[in-house]
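>>> sequence first, predicted model second:
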Amino acid sequence: MKQKGALKIIDRVFSRRFQREGIQLKIDCHNHSVFSFDGSCSVEEMAAAAAKKRIGVFTVTDHCDVNEYAEQRLGERIPASLKAIRTAREHAPLRLLAGVELGQPLQDIARTEEILALPGLDFVIGSLHNLAGEQDFYWMDYVALSDDELFFLFRRYYTELLELAEWNRFDTLAHITYPYRYLYAQKGKREFLLRPESFDPLAEQIFLTLIRNQKALELNTASFRTMEEVALNRRYLEMYRGLGGELLTFGSDAHTPDRIGAGAGMGLEMAREAGFTHFVYYEKRNPVQVPLDQWEDRETIE
Ligand SMILES: [Zn+2]
Ligand SMILES: [Zn+2]
């Protein structure tokens, strides 16, 4: 199965302009500003920091966890984020795009629809930070769970991720190793018997669903926190590519200027090794290809 149909636009004009001006074409399509509950910097500050790192395309994607719509006043916050991006775009030293990180969209479809109907959205990230009725994986005490409980928790995660993929209203599926971020961080307290391979059939279904629907997978470098998680990201990238996946977005998931573009060198190498030739970014919800060979060498990218 191929995703070729979605890859019609190659941004040649843009890359020529960037080459002429001596700017390397780099993208970072997952970043947070002060409009995210855990963000602290304005859109302008984040965009300026990205430009300093010679990033050419920068997408701000503030959190919109729809299960906390009222508590986080997302009905005001997300339109405010989009407005701030639009305003900053006029003087931005790079291509500044307007996105949103839609968390748990299936947990409140009515609110999700309100967000998707907002004008000016370039990019929608589909995320799963917590299972229905559960707390964010960030807060979980994995040490307290039995091996069986841990297995069922992760099986639920993959199942809900598949439901999210099947829902199909986003552009890219974010950080699929998200719960492992926190599971592996607690390693050392206990030997976990959880084997990610146990979930390969579900992971495969998720990738096949993305490929069939011409939706992208995200390479999220905030997931590169432990060697185990790096290895799992590599494995999933190869699995997705092996099944015919071609649409891959890059995101550092930066919440502060210093994290923008972080891990890009490793991510780039990983994507190349898995057989990808392009990243894509989204403008007006359409994918735009960025050839990997236009990126800087890994020594200068970090
Ligand atoms: Zn996230
Ligand atoms: Zn994020």
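Great, that's in hand. Values in this document were obtained by computation on a predicted structure and should not be read as measured data. Ligands and ions are numbered 1, 2, ... in the order given.
>>> which parts of the stretch 151-300 of the chain sit against ligand 2?
Residues of the stretch 151-300 of the chain lying close to ligand 2 (Cβ under 5 Å from the ion) are D253. In this view, the C-beta of every residue, glycine as well, is placed from N, C-alpha and C.
>>> ok and the residue in the stretch 151-300 of the chain nearest ligand 2?
Ligand 2 sits closest to D253 of the stretch 151-300 of the chain, with a gap of 4.4 Å, by Cβ to the ion.
>>> so that residue touches T221, yeah?
Yes - with contacts counted by Cβ atoms under 8 Å, D253 reaches T221, the gap being 7.2 Å.
>>> so for the two, which residue has more residues nearby?
T221 (27 against 24; other Cβ atoms under 10 Å).
>>> so who does the nearest residue to the more buried one once chain neighbours are set aside touch?
Closest residue to T221 apart from its sequence neighbours, by Cβ to Cβ, 6 or more residues apart in numbering: G263 at 3.0 Å. Listed by Cβ atoms under 8 Å, 6 or more residues apart in numbering, the contact partners of G263 are 221-222, 224, 252, 302.
>>> same question, T256
Neighbouring residues of T256 by Cβ under 8 Å, 6+ apart: 40-41.
>>> for the residue nearest to R235 when sequence neighbours are not counted, give me the backbone phi and psi.
Spatially, and ignoring its direct neighbours in sequence, R235 is nearest to P196 (7.5 Å; Cβ to Cβ, 6+ apart). In terms of degrees, to the nearest 10, the main-chain angles of P196 are phi -60, psi -30.
>>> quick check, pLDDT for P196.
pLDDT, P196: 91.
>>> neighbours of it, how many?
Around P196 there are 18 other residues, counting by other Cβ under 10 Å.
>>> again with S146
By other Cβ under 10 Å, the residues close to S146 number 9.
>>> do the same with T61
Other residues lying near T61 total 28 when counted by other Cβ under 10 Å.
>>> much appreciated, bye for now.
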